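> Give me coordinates for this.
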Amino acid sequence: MYKLDKALYGLKQALRAWDKKINSFLVQQGFIKCVNEHGIYCRDITNKLIVCLYVDVMIVTGSNEAEMKDFKMNMMKKFEMSNMGNLTYFLGIEFEMNSQGVVIHQRKYAQDILKRFDMLNCKPISTPVDTSEILLEK
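A predicted model of the protein is given here:
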C-alpha cells in the first residue's frame, strides 16, 4: 500500500510541475490566466487568441489564423506535441464546422443513452405526454 500511495503522490507532483511549466510559458507569451476558469488563457495582441487546457489536451482558437499558427509553432518548439487538426469531439460534445460557423451538439451522447435503455427503435413524437388528459391535484 505504501508504494501505491507514493506513486500517486508522485503523479500529483508531476501534474503540479506541468501546470507550473505551461503557465509560465503562456504568461511569457503574453497570455493572461482566466480568474474563474483556471484552464483558460487569453491573449489580445491584434486579435483575440484563446487557449483552453484540460489535462494533456490543448484547444487553441482565435480570429487570426496566422497568429494561431505562430503560437502553435512556438508551442512545438518548446514542448513535444502534435496538431490533431480541427476540433471534432471533446468531453462528450461534438463540434461541426459549416459555412455559418460552428455547430455544437451531443448527438452521440443521446444515441448512447437510447442504446443503453434499448430505445433506439422507438418512434419519436413531438410531445411525450397525452395532451388530452386532465391532471388533477390530490
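> Can you tell me the centre-most residue of the chain?
Nearest to the mean C-alpha position of the chain, counting by CA atoms, centre = their mean, stands residue 90 at 4.9 Å.
> those strands in the protein, which residues are they?
With strands called from DSSP state E, the chain shows them at 32-33, 40-44, 48-54, 57-62, 89-90, 93-98, 101-105.
> okay, those in CSV with distance to residue 17 next?
The way it works is simple: take the backbone N, C-alpha and C, and place the C-beta from them, glycine included. Output for the strands of the chain, formatted as CSV (distance: least, CB to CB, whole Å):
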stretch, distance to residue 17
strand 32-33, 17
strand 40-44, 18
strand 48-54, 14
strand 57-62, 17
strand 89-90, 25
strand 93-98, 29
strand 101-105, 33
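> Ok, which of those comes nearest residue 26?
strand 40-44 (4.9 Å; CB to CB).
> Can I get the closest one as PDB, trimmed to CA atoms?
Taking Å, rounded to 0.1, in the frame of the first residue of the first chain, the C-alpha atoms of strand 40-44 are listed here in PDB:
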ATOM      1  CA  ILE A  40      -8.300  29.100 -19.900                       C
ATOM      2  CA  TYR A  41      -5.800  31.700 -21.100                       C
ATOM      3  CA  CYS A  42      -6.400  34.800 -23.300                       C
ATOM      4  CA  ARG A  43      -4.100  37.000 -25.300                       C
ATOM      5  CA  ASP A  44      -5.100  40.100 -27.200                       C
END
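> Could you list every helix and strand in contact with it?
The contact analysis (3 or more CB pairs under 8 Å, 6 or more residues apart in numbering; DSSP states H and E) places strand 40-44 against strand 32-33, strand 48-54.
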